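Peer 1: Structure, please.
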Amino acid sequence: MPTISTQTFFGTPFQGPPGSQGRTYNQQEVATAKSIAILSHLAIVIGMVVIGYRHFDNIKTGVAAAVLYLLLPYTAEMTGRVDHALPAALLVWAIVMYRRPMIAGLCLGLASGVIYYPLFLLPLWISFYWQRGLLRFCTGTFVALFVSVGILALYAYYRQEGAFLAAFIRDVRQMLGLAPPKFTNLEGFWSYVDGWYRVPVIATFVALGGSFALWPPQKNLGTLLSGTAAMMLGTQFWHAHGGGLCMAWYLPLLLLAIFRPNLEDRVALTVLDQGWLPRRRRFSAGANRAA
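Peer 2: Below is the predicted model:
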């Protein structure tokens, strides 16, 4: 993905994302990176405010979480990293649209098309929608993944490579993470230790993701929010390229989980319509307000 470094404004050399050493960036790539980064961060902030207004019944809570996100040094340091901000924006809006399972599935599927780590969120989200909305959520997720695969096919075709099928399969495997873990040429903390130590960390992470399918048995919006933040935080412990630096993947959700009120009444059976088309629902004053 296109990337623009904020370090260029401080007179330091542009390092770029992992694997980009020695690469030159034209004006079109820079303009694209700036546009996507600005829109992604704007979507994150707006999404946090909307969550506070619609789901927490307190817009001040959403504004407080959004301001705290903007005040953190990470936001200024990694402003131009589209691979950080874009998945974060899609995950935040998946929470915003959780009452519309198909749209939430589209957001989660598109986030998985950018980075494959949100695929590990599927046990949690499927368990949340198990009693109502499961088919709609799965449809949205698979449609988004299908569109992402189609974009890869077009990209491989217009690159005019000789082996189109081989290039397309390689891109799909990279997008979905269908490859054995790397144990050499790692970055960050893992560059100082044996890469094979990642295996138990990955196994623990997968077990944590699978456990969300069974526990807790009754999932509400608070469980969905905190579980998503916990899983995306867990990716930082075994991410081979700059692990620990991709804070935007979990930081907005973590702040919202800290600021959230009691959301035990926000379960799928009470907040979702039975049909595919949204209809006006009547809530009692007590059920529609967070405790």
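Peer 1: where does the stretch 101-250 of the chain dip in pLDDT?
Peer 2: 160-162 (pLDDT under 70).
Peer 1: how close does residue 96 sit to residue 89?
Peer 2: 10 Å (CB to CB, to the nearest Å). All C-beta spots, glycine's among them, are computed from the backbone N, C-alpha and C.
Peer 1: how near is residue 50 to residue 29?
Peer 2: Counting by CB to CB, the gap from residue 50 to residue 29 is 31 Å.
Peer 1: That should have said residue 158, apologies.
Peer 2: Taking CB to CB, one finds residue 158 at 16 Å from residue 29.
Peer 1: With residue 176 instead?
Peer 2: 25 Å.
Peer 1: and residue 291, what pLDDT?
Peer 2: Looking at residue 291, its pLDDT stands at 40.
Peer 1: what residues are shared contacts of residue 96 and residue 89?
Peer 2: Counting by CB atoms under 8 Å, 6 or more residues apart in numbering, the contacts common to residue 96 and residue 89 are residue 47.
Peer 1: The two: which has the busier surroundings?
Peer 2: Comparing residue 96 with residue 89 by other CB atoms under 10 Å, the one with more neighbours is residue 89, at 26 against 21.
Peer 1: got the contact list for that one?
Peer 2: Residue 89 touches 39, 40, 41, 43, 44, 47, counting by CB under 8 Å, 6+ apart.
Peer 1: Could you pick out the buried ones from these?
Peer 2: 40, 41, 43, 44, 47 (16 or more other CB atoms under 10 Å).
Peer 1: Please name the nearest non-neighbouring residue to the third one.
Peer 2: Read it as residue 43. residue 89 (3.9 Å; CB to CB, 6 or more residues apart in numbering).
Peer 1: contact partners of stretch 33-50?
Peer 2: So stretch 33-50 is contacted by 1-4, 59, 62-63, 65-66, 69-70, 75, 79-82, 85-86, 88-89, 92-93, 95-96, 248, 252, 255-256 (CB under 8 Å, 6+ apart).
Peer 1: oh, I was asking about stretch 219-235
Peer 2: Counting by CB under 8 Å, 6+ apart, 55, 91, 94-95, 98, 117-118, 120-121, 124-125, 127-128, 205, 208-209, 212, 216, 243, 246, 249-250, 253-254, 256-257, 260, 262-268, 271 sit against stretch 219-235.
Peer 1: Stretch 179-188 too?
Peer 2: Residues contacting stretch 179-188 (CB under 8 Å, 6+ apart): 18, 173, 194-196, 198-199, 202, 238-245.
Peer 1: What's the end-to-end length of that stretch?
Peer 2: 21 Å (CA to CA, to the nearest Å).
Peer 1: now swap in stretch 155-175 and tell me
Peer 2: Note: stretch 155-175 ends 13 Å apart using CA to CA.
Peer 1: Now do the strands in the chain.
Peer 2: Assigned by DSSP state E, the strands in the chain number zero.
Peer 1: From what I see, residue 54 and residue 95 are in contact.
Peer 2: No: Residue 54 is beyond contact range of residue 95, at 10.3 Å (criterion: CB atoms under 8 Å).
Peer 1: Compare these two (neighbour count), which wins?
Peer 2: Per other CB under 10 Å, whichever of residue 54 and residue 95 has more neighbours is residue 95, with 23 against 13.
Peer 1: Surely that one and residue 56 touch.
Peer 2: No: using CB under 8 Å, residue 95 is not in contact with residue 56, being 11.2 Å away.
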